[in-house]
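Engineer: No sequence on hand, only this structure:
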């Protein structure tokens, strides 16, 4: 049986697995589903069509599943879906989706959202992402797996961040950041590859890291048009991660903020 503090309010209709813990003064609305092993510490509000998976830890004063901060929202049924093994720290705010964004805000597995994070409507976060304190992530942002968003950063709506990317603290991001890269600044620009992240990702294997390095230099430092360089890599390079970097460059809708180095 779920452990629910007597001061908590859990509305009829909420689906709560047997070993969930709901702490003091939490409010859980009728359409919420909470999976096995999840802990709501205290003073947490979970509203709307929100599904929370297994073994999540949610800390005081987080607010999950409230309606989107979008003037186009007209009361339609929208959703927040949170996977397994996530940690959501104090005062974090996560809204549901909108009709214009596919109706869903989605968080994958193993993510850490630190204190005072705002995650806007229709965002999609994949797995093992770290979002540091006081970040503001606008609607429709996509963040791929194993990325790190430095504290007090702001990300413009519709931006996309590739996997294993790192956003430096205090950055203002208004364009897309390719996988495996570091960016920082106001406005944020590419600085280099995320070498430490790549070493953690590929451990003792240098082959993939070297291929990514070569692709990065060809695309961003060769002096050739970046689309031409990316197409060349897709046509001729055998490494899947080099191709992934190149394909991201070709697919970007908001552009990539790089400064061409002198050669």
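Structural biologist: Thanks, I have the structure now. Quick caveat, the model's predicted, so the values are computed rather than measured.
Engineer: which helix of this structure spans the most residues?
Structural biologist: Criterion DSSP state H: the longest helix present in the chain is helix 207-220.
Engineer: since we're on residue 91, how many residues are nearby?
Structural biologist: 17 (other C-beta atoms under 10 Å). Heads up, the C-betas are built off the backbone N, CA and C, glycines and all.
Engineer: buried sites along the longest helix of the chain?
Structural biologist: 208, 209, 211, 212, 213, 215, 216, 218, 219, 220 (16 or more other C-beta atoms under 10 Å).
Engineer: now stretch 236-243
Structural biologist: For stretch 236-243, by 16+ other C-beta under 10 Å, it's 237, 239, 241, 242, 243.
Engineer: and which of those is nearest residue 181?
Structural biologist: Using C-beta to C-beta, residue 241 comes nearest to residue 181 of those, at 12.2 Å.
Engineer: isn't there a helix covering that closest one?
Structural biologist: Yes - according to DSSP: H, G, I helix; E, B strand; the rest coil, residue 241 belongs to a helix.
Engineer: Name all residues that make contact with it.
Structural biologist: The contact partners of residue 241, by C-beta atoms under 8 Å, 6 or more residues apart in numbering, come to 179, 180, 208, 211, 212, 215.
Engineer: any idea how far the third one is from residue 229?
Structural biologist: For residue 208, the distance to residue 229 (C-beta to C-beta, to the nearest Å) stands at 19 Å.
Engineer: ditto for the first one
Structural biologist: In this structure, residue 179 and residue 229 are separated by 16 Å, where distance is defined by C-beta to C-beta.
Engineer: neighbour-wise, which of the two wins?
Structural biologist: The neighbour count for residue 179 versus residue 229, taken as other C-beta under 10 Å, is higher for residue 179 (23 against 20).
Engineer: which residues sit in contact with that one?
Structural biologist: With C-beta under 8 Å, 6+ apart, residue 179 has these contacts: 144, 162, 163, 164, 165, 241, 244, 245, 248.
Engineer: The first one contacts residue 126, correct?
Structural biologist: Yes - in terms of C-beta atoms under 8 Å, residue 144 counts as a neighbour of residue 126; the distance is 5.2 Å.
Engineer: Quickly list what's touching both of these two.
Structural biologist: By C-beta under 8 Å, 6+ apart, the residues touching both residue 144 and residue 126 are residue 163.
Engineer: For the protein, which residues score under the pLDDT cut-off?
Structural biologist: 261-263 (pLDDT under 70).
Engineer: which residues in it form helices?
Structural biologist: 195-202, 207-220, 226-236, 240-251.
Engineer: I'd like those as a markdown table, with distance to residue 49 appended.
Structural biologist: As requested, the helices of the chain are exported to a markdown table (distance: least, C-beta to C-beta, whole Å):
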| stretch | distance to residue 49 |
| --- | --- |
| helix 195-202 | 34 |
| helix 207-220 | 40 |
| helix 226-236 | 39 |
| helix 240-251 | 30 |
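Engineer: nearest to residue 60, of the ones you listed?
Structural biologist: Of all the helices of the chain, helix 195-202 sits nearest to residue 60, with 30.9 Å by C-beta to C-beta.
Engineer: Next, the buried residues of that closest one.
Structural biologist: Of the residues in helix 195-202, 197, 198, 201 count as buried by neighbour count, 16+ other C-beta under 10 Å.
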